[in-house]
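>>> Okay, predicted coordinates and the sequence, questions at the end:
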Amino acid sequence: MSNHEDTLGQFLKKEREFRKLTQEDVAKFTRYHVSRIQALEEDQHELLPSQPYVKGMLRSVSKYLGLDIHELISRYEDLLRSKGIESSSELAFQQTIKIPSVPFYQGKNFLVVSATVVFIVLVVIVSFFFHGTKKMEPLPSVQIPQTQPPFSEKGGEGIKEEGVKKEHKILLQASQDIWLKIQIDSDSPKPMSLKAGKSLELQAKKVLRFFVSDASRLKLIFDGKEWVHQHQGPTTFIFPEE
């Protein structure tokens with residue numbers, strides 16, 4: 001796709017076009033004006049604010065496109081050096097402002113927890129006073145149903161998770177080449193592509209989230225039933241629906 005001879009802007013533009021995304025799509029996700037995205041891709045850094053601002057843009061863009069932030073920062077530093085501009089160090093950029101800590105007994109969480117504990121103690125005392133020492137009956141045993149079989153994949157490239165029991169299953173079928181970023185439960189998002197005519201089966205314990213570059217090219221079958229949608233273009237799906 002891209003090599004290191006490309007400038008920062010050329011590299012970002014090629015990666016975006018490879019995923020069939022527009023500058024408007026990137027601007028909508030990162031919440032930067034489309035003119036900023038255009039200036040970044042055209043290497044017009046004189047139209048952009050300070051270096052920390054640009055590095056913040058690069059972090060948001062890398063997260064959306066699934067790129068390595070360290071590579072983007074390196075390309076940006078090289079571009080600044082080529083223009084004879086002294087760049088701020090990465091260490092200085094990553095520093096955060098430390099907020100003075102307050103005593104634990106003045107913290108909001110401590111006050112809430114303390115009030116909750118006092119309330120529970122009062123409830124127990126009142127309950128004991130009115131009901132005496134009545135013997136409580138043991139709770140009935142509860143049989144936990146078995147979960148569905150582990151993760152499996154049908155066709156295409158996928159994300160494999162062996163030996164883990166799941167509860168929800170979704171089948172993705174692509175009519176044309178699409179780009180995806182998939183998150184299963186609380187795992188980290190994983191970018192991938194799905195070729196035309198291929199299908200991908202995913203399973204999750206609780207929730208499955210995924211972003212697709214063009215929803216109109218995707219057929220969904222959730223827990224054995226086809227899920228009909230009218231979405232087009234870049235779309236984020238969440239199953240089960242919240």
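Great, that's in hand.

>>> Chain neighbours aside, what residue packs nearest to residue 68?
residue 62 (6.9 Å; CB to CB, 6 or more residues apart in numbering). For glycine as for every other residue, the C-beta is placed from the backbone atoms N, C-alpha and C.

>>> who's in contact with residue 45?
39, 54, 79, 80, 83 (CB atoms under 8 Å, 6 or more residues apart in numbering).

>>> Now do the same contact list for the second one.
Under the criterion of CB under 8 Å, 6+ apart, the contact partners of residue 54 comprise 40, 45, 48, 76.

>>> Most neighbours among the residues you listed, which one?
Using other CB atoms under 10 Å as the neighbour test, the contacts of residue 54 are led by residue 40, with 24 neighbours.

>>> got the domain boundaries for this structure?
Split into domains by automatic domain parsing, the chain comes to 8-94, 149-239.

>>> Of those domains, which is nearest residue 123?
Closest of the domains of the chain to residue 123 is domain 149-239, at 31.7 Å (criterion: CB to CB).

>>> how far out from the middle of the chain is the closest one?
Relative to its parent chain, domain 149-239 has a centroid offset of 14 Å by CA atoms, centre = their mean, to the nearest Å.

>>> tell me which element the nearest residue to residue 69 once chain neighbours are set aside is part of?
Nearest residue to residue 69 in three dimensions, chain neighbours excluded: residue 62, at 4.4 Å (CB to CB, 6+ apart). Residue 62 belongs to helix 51-65 when elements are defined using DSSP states H and E.

>>> What is the subsequent helix or strand relative to that helix?
Going down the chain from helix 51-65, the next helix or strand is helix 69-82, by DSSP H and E.

>>> Report the buried residues of that next one.
Neighbour-count burial for helix 69-82 flags 72, 73, 75, 76, 77, 79, 80 (criterion: 16 or more other CB atoms under 10 Å).

>>> Could you list every helix and strand in contact with that helix?
helix 8-18, helix 51-65 (3 or more CB pairs under 8 Å, 6 or more residues apart in numbering; DSSP states H and E).

>>> Residue 112: which of the ones you listed is closest?
Using CB to CB, these put helix 51-65 closest to residue 112, at 32.8 Å.

>>> I am finished for the moment; much appreciated.
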